[in-house]
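Participant: My questions are about this predicted structure, shown below with the sequence.
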Amino acid sequence: MDDREKFLFDLQGYLLIRNFLSPEEVAALNASIDANMDKKGEDGNSNTGESKTLGGTHKRGFFAGMLNWPKPWCQPYRDIIAHHKAIPYLNTIHGRGWRLDHEPFILTSDKGSEGLVLHGSTDHHFDGSQYYTYRNGEIRCGMVVFQYQLADVNEGDGGLCVIPGSHKANFPSTVDIRRWEQDRNIVYNVPCKAGDLVIFNEATMHGTLPWTADHERRALLVRYSPKYLHFAGGFYKTVFPEWVDELTEAQRAVLEPPYIYHRPLIEDDGETVVRPRRDGPYK
Ligand SMILES: O=C(O)CCC(=O)C(=O)O
Ligand SMILES: [Fe+2]
């Protein structure tokens, strides 16, 4: 993560990285979706909060379980969870030791798909799961989202929106802001090309704008927490899936439950190491 990226992530609470995935990676991820359309469901997390502006004619589409799709379709998704280019970003944002918080999922939208009310950490009591700090020269965050765009998002299409800087907000927002009814100028619909990555802090106020474009939205969300935290429930909490032996050391390391001591840590170059307890200052 270079100086420009650190400045922008610290300032805005999100970071857009262009061309993160190669066209081949995007094609493989999309081909898997195309071959598994029968698994598409509706987004169960949907909530427009009675907003007059976030409603649509139908809910967002949703896929999960990609890590266990029949071969070869699971492979591009397994390759994402400890992606070699993502590791240095995670080591900077979370420090040494971080984990896949829960199963990756895909959000899809077609014209008229409804939005999702804006949410972030400033609207509720501090609970340690969503936060942003900078201390001793280091960034630290609660759960963060790596959103890989598998289709273009042009400005105004809808989809992911953020309120830049709101990860540092001190006061609760208002219902009208959360419903995207007032002060809409502070809400940014991040324009992306397929292959771009948006990293955002769950503490940053964000949500979904209704989809207006003719083409389908396809966003892959991979969420990571620091090594001591579990944000969402799910079966990765205490047990490994049966197919854990098919994963690399680094991919296995990101599925570890929350704990600190003797945890496998992934170096920037992808090597997985277990640090003995007493080898100098704990990192
Ligand atoms: O990308 C979106 O539509 C919003 C997703 C969201 O709220 C989240 O990942 O926490
Ligand atoms: Fe969210």
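Facilitator: Structure's in. What do you need? Ligands and ions are numbered 1, 2, ... in the order given.
Participant: what's across from Glu42 in the sheet?
Facilitator: Gly61 (DSSP bridges).
Participant: Could you find the residue nearest the spatial middle of the chain?
Facilitator: The centroid of the chain falls nearest to Val145 when counting by Cα atoms, centre = their mean (1.9 Å).
Participant: Okay, now the unreliable bits of the stretch 101-250 of the chain?
Facilitator: Low-confidence segments of the stretch 101-250 of the chain, defined by pLDDT under 70, are located at 234-238.
Participant: Could you list the contact residues of it toward ligand 1?
Facilitator: Contact residues (Cβ under 6 Å from any ligand atom) of the stretch 101-250 of the chain with ligand 1: 107, 116, 145, 147, 159-160, 202, 206-208, 219, 221. To be clear about C-beta, it is placed using only N, CA and C from the backbone, and glycine gets the same treatment.
Participant: quick one: the helix or strand where Cys161 lies to chain centroid distance?
Facilitator: If you go by DSSP states H and E, Cys161 is part of strand 159-162. On the basis of Cα atoms, centre = their mean, to the nearest Å, strand 159-162 sits 12 Å off its chain's mean C-alpha point.
Participant: name the helices or strands packed onto whichever helix or strand comes after that strand?
Facilitator: Helices and strands here follow DSSP H and E; after strand 159-162, the next one along the chain is helix 175-178. Applying 3 or more Cβ pairs under 8 Å, 6 or more residues apart in numbering; DSSP states H and E, we find helix 175-178 packed against strand 116-119.
Participant: which residues touch the strand it packs on?
Facilitator: Under the contact criterion Cβ atoms under 8 Å, 6 or more residues apart in numbering, strand 116-119 has outside partners 45-49, 51, 54, 60, 161, 163, 173, 177-180, 187, 205-208.
Participant: Mind giving me the packing neighbours of the helix or strand following that strand?
Facilitator: Per DSSP H and E, the first helix or strand lying C-terminal to strand 116-119 is strand 132-135. Packing contacts for strand 132-135, counted by 3+ Cβ pairs under 8 Å, 6+ apart, involve strand 138-141.
Participant: Within the sheet, what are the partner strands of the helix or strand following the strand it packs on, with directions?
Facilitator: Later in the chain than strand 138-141, the nearest helix or strand by DSSP H and E is strand 144-149. Sheet pairing here is set by DSSP bridges, and for strand 144-149 it gives strand 197-201 (antiparallel), strand 217-226 (antiparallel).
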